[in-house]
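Q: coords please:
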Amino acid sequence: MLAVNLEIEFRVSIFAQFLPSPPQSEPDAWIGWLLATFFEMKAFVLFSLLFGVGFAIQHERLAASDRRAVLLVRRMLVLLLFGLIHLLLIWNGDILTEYALAGLIVLPFLYSGTRGLLAGATLFLALYLCLPLWAQLIPFPSTAALVHQVAAATTAYGTGGFAQVLDFSWHELPLMLPLHGYLFPRTIGLMLLGALSWRLGLFKQVGELRGWLWFAAAALIAAGAALALAGLAGGLSPVVMALGYAALVLALADGGPRWSTWVEPLGRMAFTNYVVQSIAMGFIFFGYGLGLSTARRSWQAVGGSAASASAPSSGCGAR
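A: Numbers count the residues shown, from 1 in each chain. Below is the predicted model of the structure:
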C-alpha cells in the first residue's frame, strides 16, 4: 500500500493514472510496471478481506452480549468519524469512510449462516465484476476534465500552503465519488468473503490445509499475473492475485510464529500506520511541507493525445 501510494497517490495527482503516462526513463517505467502488475489494488483487496475477518471475530466474541449489535454499530460509527476527519483534514484519498459504510452493510449478514455470507459475497462481487453494464449510472469525467483536474492538482498540491491544499482537496471530493462508487460493491463483497473464511474455520485449520494453501497460492498468483499481463478482466486480476498472496501468507504462517513475530505489532497498528502514512507523505510531497511532488510535468500534452477517458474497468466484458 505504501509503495503504490508513493507512486500514484501522493507523488502525482490521483487522477493521473487515468491518463496516458508522460515519457519515463527505463528504470521508472519498469518500477511502474512492477507496481501496477503485482501490487496495485492488491493491498486494498487484502485490507478488505482482513477487515471482514476482524469484523467476524468481533461479532463472534460478543455473542454473549445482548448489546452486540449496538456495540458493533457504534464501532463503525466511530470509524466513520475518524474517516471523515482523515478525509476532510488530512487526505481526500481516504478509505476509512468507505470501510465504515461498508461495515454497516456487512453487519446484518454476520447474523446469517455461511450460506448467507456466501450469497452476499457472490452478489456484491458479481455487481463489481459486471460494473461496465451499469457504469452509466456513475458518470466518469472526460479526458478533458481529467487533464484540467490533474494540471490544477499539480499546482495546488505541489506549491500550495496547507489552507490552499485543504481547499482544493474539498473541491476535488465530487470527482472522488465515482471512484468509490466503482469499488464499493467489491469492498462489501470482500469483507463478506473474509467473514465467511473465518466462519468456515479456515484460519483455525491452516496446518491441515497447508498443502492446499501452497497450491492455491501458486495457482492464484499465476492466474492473476496472467490476467494482468494479458490485459484481461482488469477488475478480476487484482482480486485473484491478492487471494493468492493471502494463501501464501497463511501457508508460511503454518511454520510457526518465529518468522513473523517482528511484524505482529505493525499488524495491530494498521489504523495508526494508515493515518501516519497520510500525514508523512502529505508533508513530503505537498507544498506546505517539503514540496517534493514530481507532478509538475505538463499533462496537457499527454491528455491531448488521448481520445477519451474511461472509467476503471471491472470485468464483465472489460478489456
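Q: element containing residue 115, please.
A: Assigned by DSSP states H and E, residue 115 belongs to helix 114-129.
Q: hmm, I was thinking of residue 206
A: Counting by DSSP H and E, residue 206 is found in no helix or strand.
Q: could you list the low-pLDDT ranges of the protein?
A: 132-136, 232-234, 254-260, 294-319 (pLDDT under 70).
Q: tell me which residue lies nearest the centroid of it.
A: Nearest to the mean C-alpha position of the chain, by CA atoms, centre = their mean, lies residue 44 at 2.8 Å.
Q: pull the longest helix from this structure.
A: Using DSSP state H to define each element, the chain has its longest helix at helix 162-199.
Q: same for the following helix or strand past that one, what does it pack against?
A: Counting by DSSP H and E, the next helix or strand C-terminal to helix 162-199 is helix 210-230. Applying 3 or more CB pairs under 8 Å, 6 or more residues apart in numbering; DSSP states H and E, one finds that helix 210-230 contacts helix 26-38, helix 237-253. Yep, even glycine has a C-beta here, placed from its N, CA and C like the rest.
Q: touching helix 210-230 from outside, list them.
A: With contact meaning CB atoms under 8 Å, 6 or more residues apart in numbering, helix 210-230 is reached by 36-38, 206, 233-234, 236-245, 247-248, 250-251, 254.
Q: tilt between that helix and helix 26-38?
A: Using axes from the mean of the first three to the mean of the last three CA atoms, to 10 degrees, the direction of helix 210-230 lies 130 degrees away from that of helix 26-38.
Q: circling back to that earlier point, from residue 138, how far off is the residue nearest to the centre of the chain?
A: Using CB to CB, to the nearest Å, residue 44 is found at 18 Å from residue 138.
Q: now residue 185
A: Applying CB to CB to residue 185 and residue 138 gives a distance of 11 Å.
Q: ok, the closest residue to residue 7 other than its chain neighbours - how many residues close by?
A: Counting by CB to CB, 6 or more residues apart in numbering, residue 7 lies nearest to residue 35, which is 5.3 Å off, once chain neighbours are set aside. Using other CB atoms under 10 Å, residue 35 is surrounded by 16 other residues.
Q: so who does residue 35 touch?
A: Counting by CB under 8 Å, 6+ apart, residue 35 has contacts 3-4, 7-8.
Q: from residue 157, how far out is it?
A: Distance of residue 35 to residue 157, computed by CB to CB: 20 Å.
Q: before we move on, what about residue 88?
A: Distance of residue 88 to residue 157, given as CB to CB: 16 Å.
Q: who has more neighbours out of these two?
A: Taking other CB under 10 Å, residue 88 and residue 157 do not tie; residue 157 has more neighbours (26 against 15).
Q: wait, that one sits on residue 165?
A: Yes: at 5.9 Å, residue 157 counts as touching residue 165 under the criterion of CB atoms under 8 Å.
Q: what touches both of the two?
A: Counting by CB under 8 Å, 6+ apart, the residues touching both residue 157 and residue 165 are 286-287.
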